[in-house]
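Asks: Show me the folded form of this:
(chains A and B)
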Amino acid sequence: MSLRLYNTLSGEKEHFEPRVADTVTMYVCGPTVYNLAHIGNARPVVVFDTLFRVLRERYATVTYARNITDIDDKIIAAARDSGRSIESVTDEFTLKYREDMAALNTLPPTLEPHATHNIDAMIRLTQRLIERGHAYVSAGHALFAVESMPEYGALSGRRLDDMLAGARVDVADYKRHPGDFVLWKPAADDEPGWDSPWGRGRPGWHLECSAMIREHLGDSIDIHGGGRDLIFPHHENEIAQSRCSHDGEFVRYWLHNAYVDIDGEKMSKSLGNVRSVRDLLQHYRGEVLRLALLTAHYRSPLNFSSDLLDQARHTLDGFYTTLRSVEHIEPVGPVDITAEPVFAALEDDLNTPLALAELHALAKALHKALDAERPRLKARFLAAADSLGILQATPASWLQDATAADELDAAAIEQLIEQRRRAKQDRDYALADTIRNELMAAGIALEDTAEGTLWRRGA
RNA sequence: GGCUCGGUGGCAGAGUGGUUAUGCAGCGGAUUGCAAAUCCGUCAACGCCGGUUCGAUUCCGACCCGAGCCUCCA
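Replies: Below you'll find the predicted structure:
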C-alpha cells in the first residue's frame, strides 16, 4: 500500500507522489492570532498532524510549515479594543496557540513563518504580478485582476459569471472587476503599515500564504491543507497569485477538512457556542479532545458534544486498561509500522475511524495473546497508537491522576482499599461492599485481581 | 440563484455490486463472595421511488430531507 489522498482540485482520491523523491513539502493555513483557538481551529491541526506523522514514516525529509497571521484587521481591532499594542496581542495568542495545540499531542511544525517577517517577499510578489499584467494599482490599493487568469475558479468549481450572479457584496469602485481582490491596501496613520512602491500599507489576507510558501518551501509544494471554508476565496486566490507570478506547478494536492458543529449547529459567535480549546482543557484531557476529533473522517462534518467527549474518554480508558494489563511486559521491536493495518487505514486518505477499528483489533489480540507473543504485540500496539498520536502516557498516570483538585487523593484511596481488603479477609462482605460503594460514589472504580485490587478514576 | 457535499442498526461511525465493519449501549453466558476487568455468544442498518443487473445499501435518474461555500471564518 501507499498513501492516497483526496485532492480537492480533482475531486478524487489520488495516489500521492511527491514532486521530489523522498521529500515532501506541506503547508497548512495557521491561525490569525487575535483570540484563543477554538475546537474548530483545532481540527485541521490534529488532522494534518496525523498526516505529518504518516508522511514522516514514508519519506526521509518532510517539511511542514504552518503560518502565523500576525497582521490583520481583526488583530488591529482587538488591540484597539483592549488598549494594547499589536505585538502584545499577537505574542500572547501565538504563545497560547502553541500551548493549546501541544496539549492535543500535535507535533510542532517544521517551520512557523510569521506574516510580519515576510513583508518584503509579499511586496516582491505583488510587483511581479503587476509586471506580468495580472495586477494593477488603484486608489492606493494593489489589486489582482481576476479576468487576467482564464482558469480562475478551477479549485472551487466556479466561473466568474456565476459568481457575479450571486454577488451580494458592494463592489468597491476602484475595482475593475467585482471579483478582483486586494493584494496590498493603504494603512491609516494610526494603523500599522510598511512602506511599499504603492505607499504605506499592509498586505491583503491571501498574499501572505503565496509569498511565504515561495520564500520558505519553494515555487512548488506537494500538499496544501486547511478548512473547507478556505477553498473560496482564500485558496483560489492563492493559486491565482502564485500561478500568475511564476510559471509551472504550485500545489499538487489540495486537502480540506470539514467543520466541527456544536450540538448539531454551526459554531459561530452569534450563536454563542464557540468552544475554546483552552476552556475544554479545563474539563477534558488533550488526548480526549484529540481522539474525539479523529473519530470521524476528516472530510465529514463532526458533531462536537459532551456525549462525544465522554465516549472518547471511555475509549481511551479502555485502551489504557489494556496497556495496564501488560504493563510488566517489555515491548520488543522493531516494528514495521508501514505493515500495520492501522497505518494502512491512515494511508487511505487518513481513514481514522477505520484506523481506530484496527487499533481495537490489535488491543483485543494483545489481551488474548500467549505470553510469548505479547512483547511484540505490545510494541506493535504502541507504535500503531503513536501514528494516531494517542496512548503515549503511562496507564497509571492516565487512570489514576486526579484531573480536579477536589478529588480524593491516592493515599486516601489506598487506605480505603486496605480497609476493604481486611474486611474481605474477615468475610465481612457487607463492609467491603460499603467501602466499594463509597469509592464508587467518589468516582473511583475498583477491580479485584489475583495480584490485589486495582483502582482508577472516572467511574 | 450558482457551486459543492451528505442521508448506514438505540448512539457514534467505516465500507462494499452477492459472505459479521468496528466501538459504545442492550441481551445471554463464562469468570467473581458480589462486582469490575476480561473472554464467548447474540439482537439490530443501509432516506423515498424508479432503472441497470442473475443480484444494489453499493452504479444511474428523479424526489424528499439536511449541511457547507458564494461575505471575515478551520
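Asks: Need the nearest residue in space to residue A:246, chain neighbours excluded.
Replies: Counting by Cβ to Cβ, 6 or more residues apart in numbering, residue A:219 is the residue found nearest to residue A:246 once chain neighbours are left out, at 5.1 Å. All C-beta atoms are positioned from the backbone trio N, CA, C, and that covers glycine.
Asks: actually residue A:46, not the one I wrote
Replies: Closest to residue A:46 by Cβ to Cβ, 6+ apart is residue A:293, at 4.7 Å.
Asks: ok, the one you found to residue A:387 distance?
Replies: In this view, residue A:293 and residue A:387 are 15 Å apart by Cβ to Cβ, to the nearest Å.
Asks: sorry, back to before: spell out the secondary structure type for the residue nearest to residue A:246.
Replies: For residue A:219, the assignment made with DSSP: H, G, I helix; E, B strand; the rest coil gives coil.
Asks: Return the residues in contact with it.
Replies: A:242, A:246, A:248, A:249, A:250 (Cβ atoms under 8 Å, 6 or more residues apart in numbering).
Asks: what about 10 Å?
Replies: Residues near residue A:219 by Cβ atoms under 10 Å, 6 or more residues apart in numbering: A:213, A:242, A:245, A:246, A:247, A:248, A:249, A:250.
Asks: and which of the residues you listed is nearest to RNA strand B?
Replies: residue A:213 (15.6 Å; Cβ to the nearest atom of the strand).
Asks: give me the low-pLDDT residue ranges for chain A?
Replies: Chain A contains residues with pLDDT under 70 at A:1, A:163-171, A:459.
Asks: Point me to the residue of chain A nearest RNA strand B.
Replies: Closest point on chain A to RNA strand B, by Cβ to the nearest atom of the strand, is residue A:227, at 1.6 Å.
Asks: Could I get the phi/psi values of that residue?
Replies: phi -80, psi 160 (degrees, to the nearest 10).
Asks: Who does it form a beta bridge with?
Replies: residue A:257 (DSSP bridges).
Asks: repeat for residue A:62
Replies: The partner residues for residue A:62, given DSSP bridges, come to residue A:24.
Asks: Pull the number of nearby residues for residue A:107.
Replies: With neighbours defined by other Cβ atoms under 10 Å, the count for residue A:107 comes to 14.
Asks: show me the residues around the residue of chain A closest to RNA strand B that make contact.
Replies: A:28-29, A:40-41, A:43-44, A:47, A:234, A:256-260.
Asks: Contacting RNA strand B as well, which ones from those residues?
Replies: Filtering those for proximity to RNA strand B by Cβ under 7 Å from any atom of the strand leaves A:29, A:40, A:41, A:43, A:44, A:234, A:257, A:258, A:259, A:260.
Asks: So for the first one, what's the nearest residue that isn't a sequence neighbour?
Replies: When the adjacent residues along the chain are set aside, residue A:29 lies closest to residue A:226, with 3.9 Å between them (Cβ to Cβ, 6+ apart).
Asks: closest to residue A:82 among the ones next to RNA strand B among the contacts of residue A:227?
Replies: residue A:41 (20.4 Å; Cβ to Cβ).
Asks: wouldn't that closest one be in contact with residue A:277 here?
Replies: Yes - assessed by Cβ atoms under 10 Å, residue A:41 is found in contact with residue A:277 at 7.5 Å.
Asks: of the two, who's got more company?
Replies: residue A:277 (24 against 21).
Asks: and residue A:215, how far is that from residue A:111?
Replies: 10 Å.
Asks: okay, these two: which has more neighbours?
Replies: residue A:215 (18 against 15).
Asks: what sits against the more buried one?
Replies: Here residue A:215 is in contact with A:65, A:113, A:117, A:118, A:120, A:121, A:122, A:124, A:125, A:208 (Cβ under 10 Å, 6+ apart).
Asks: go on, residue A:396?
Replies: Taking Cβ under 10 Å, 6+ apart as the test, what residue A:396 contacts is A:320, A:323, A:324, A:327, A:410, A:456.
Asks: helix or strand for it, which one?
Replies: Assigned by DSSP states H and E, residue A:396 belongs to helix A:395-400.
Asks: For residue A:132, what are phi and psi?
Replies: The phi/psi pair for residue A:132 (degrees, to the nearest 10) is phi -90, psi 0.
Asks: Count the residues that sit near it.
Replies: 13.
Asks: For the stretch 301-450 of chain A, what lies in contact range of RNA strand B?
Replies: Counting by Cβ under 7 Å from any atom of the strand, the stretch 301-450 of chain A sits next to RNA strand B at A:301-303, A:307-308, A:311, A:314-315, A:318, A:321-322, A:325, A:348, A:351, A:353-354, A:356-357, A:360-361, A:364, A:367-368, A:424, A:429, A:432-433, A:436, A:445-449.
Asks: wait, what's in contact with the residue lying closest to residue A:245 once chain neighbours are set aside?
Replies: Leaving aside its sequence neighbours, residue A:245 sits nearest to residue A:128 (Cβ to Cβ, 6+ apart; 4.5 Å). Counting by Cβ under 10 Å, 6+ apart, residue A:128 makes contact with A:134, A:135, A:241, A:244, A:245, A:246.
Asks: Likewise for residue A:389?
Replies: Going by Cβ under 10 Å, 6+ apart, the list of residues near residue A:389 reads A:46, A:49-50, A:52-53, A:104-107, A:286-287, A:290-291, A:294.
Asks: Out of these, list just those in helices.
Replies: A:46, A:49, A:50, A:52, A:53, A:286, A:287, A:290, A:291, A:294 (DSSP state H).
Asks: Tell me the most packed of those, by neighbour count.
Replies: residue A:291 (28 neighbours).
Asks: how about the nearest residue to that residue, chain neighbours excluded?
Replies: Per Cβ to Cβ, 6+ apart, closest to residue A:291 is residue A:312, 4.2 Å.
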